[in-house]
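Undergrad: I'd like to go over a predicted model; first the sequence, then the structure.
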Amino acid sequence: MSMNMEVFDAKEQAEASGHKPAKKGGRKPMLSEHQKRENKIKCCKNYRLRKADEYNRSEAENKSLKEEMEVLRSNINSLNEELSEAKARVNKSETALSDQSKIVHELKIKNEALNITIEQMQHDFLDSDVQDDFVNLELNNIPMDLEWLNDLENLEALNETTGDLTFHVHEYGGFLC
C-alpha cells in the first residue's frame, strides 16, 4: 500500500505544480491464450444474446402486425359486404326509377293525345252545322274509346298525323325522360 500512496502523492504534486504526469504509451500488453479464449466466448455469447433479442422482437412485431392485418381484413370484408348491399339497393332503385319513367312517358303521350283529340273535337264541333247550346265539351262528357288510347301505336300514329304535337324522347342514363 505504501507504493500506491507514493504514486498518489506524486500525482498530487504534479497536478499542484501544473505539470501533468506523463501518459503511458505503447501497445497493450499481449493477452494470454486463456484470456483470448474468454474474450472470444464473451463476444460470441453477447452476439448470440443480441441476435436472440432481435429475433424475439421481430417475432413479437410480426405477430402484432399479423393480428392488425387480420383486423383490417375483417374490416375490408365487412365494408365489401356493405358495398354489395348498397349496389343491390341502387340497382333496385334504378329499376324502379326506370319503370316509373316509362309510366310517366306513357302518361305524357296519353295526355297529349287526349288534348289533341279534345281540340280536334272542339274544332269539328264548332265547324259543324249542328251546334247545340247545351253541349258541354268537358272531358268527362266527351265519348272516347279508352282501349284505343291504351295502345301506344295508336297514340303515336295520332301524333304523327296531327302535326300539332312533336315528342322528343331523350335517352339519359338508360331512362326515358
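TA: Now that the structure is in, tell me what you want to look at.
Undergrad: Only C-alpha atoms from now on, for both contacts and neighbour counts.
TA: Fine.
Undergrad: quick one: low-confidence parts of the protein?
TA: The chain contains residues with pLDDT under 70 at 1-25, 127-150, 152, 154-155, 157-177.
Undergrad: tell me what the helix or strand in which residue 96 is found is packed against?
TA: Using DSSP states H and E, residue 96 maps to helix 33-127. Judged by 3 or more Cα pairs under 8 Å, 6 or more residues apart in numbering; DSSP states H and E, the packing partners of helix 33-127 are helix 146-150, helix 152-162, strand 175-176.
Undergrad: Name the residues of stretch 101-120 that come out as buried.
TA: Going by neighbour count (16 or more other Cα atoms under 10 Å), the buried part of stretch 101-120 is 106, 109-110, 112-114, 116-118.
Undergrad: now those in CSV, with distance to residue 60?
TA: Conversion of the buried residues of stretch 101-120 to CSV gives the following (distance: Cα to Cα, whole Å):
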residue, distance to residue 60
106, 69
109, 73
110, 75
112, 77
113, 79
114, 80
116, 83
117, 85
118, 86
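Undergrad: Of these, which is the nearest to residue 90?
TA: residue 106 (24.1 Å; Cα to Cα).
Undergrad: State the number of residues packed around residue 83.
TA: Using other Cα atoms under 10 Å, the number of residues around residue 83 comes to 12.
Undergrad: how far away is it from residue 90?
TA: Look at residue 83 and residue 90: by Cα to Cα, to the nearest Å, they are 10 Å apart.
Undergrad: Can I get stretch 87-102 in CSV? Just the C-alpha atoms.
TA: Output of stretch 87-102 as CSV, limited to C-alpha atoms (Å, rounded to 0.1, in the frame of the first residue of the first chain):
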residue,chain,number,x,y,z
LYS,A,87,-75.1,-1.7,-55.0
ALA,A,88,-78.1,-4.0,-54.8
ARG,A,89,-80.2,-1.2,-53.4
VAL,A,90,-79.0,1.1,-56.1
ASN,A,91,-79.8,-1.4,-58.9
LYS,A,92,-83.3,-1.9,-57.3
SER,A,93,-83.8,1.8,-57.2
GLU,A,94,-82.7,2.2,-60.8
THR,A,95,-85.1,-0.5,-61.9
ALA,A,96,-87.9,1.2,-60.0
LEU,A,97,-87.0,4.6,-61.5
SER,A,98,-86.8,3.2,-65.0
ASP,A,99,-90.3,1.6,-64.6
GLN,A,100,-91.7,4.9,-63.2
SER,A,101,-90.1,6.9,-66.1
LYS,A,102,-91.7,4.6,-68.6
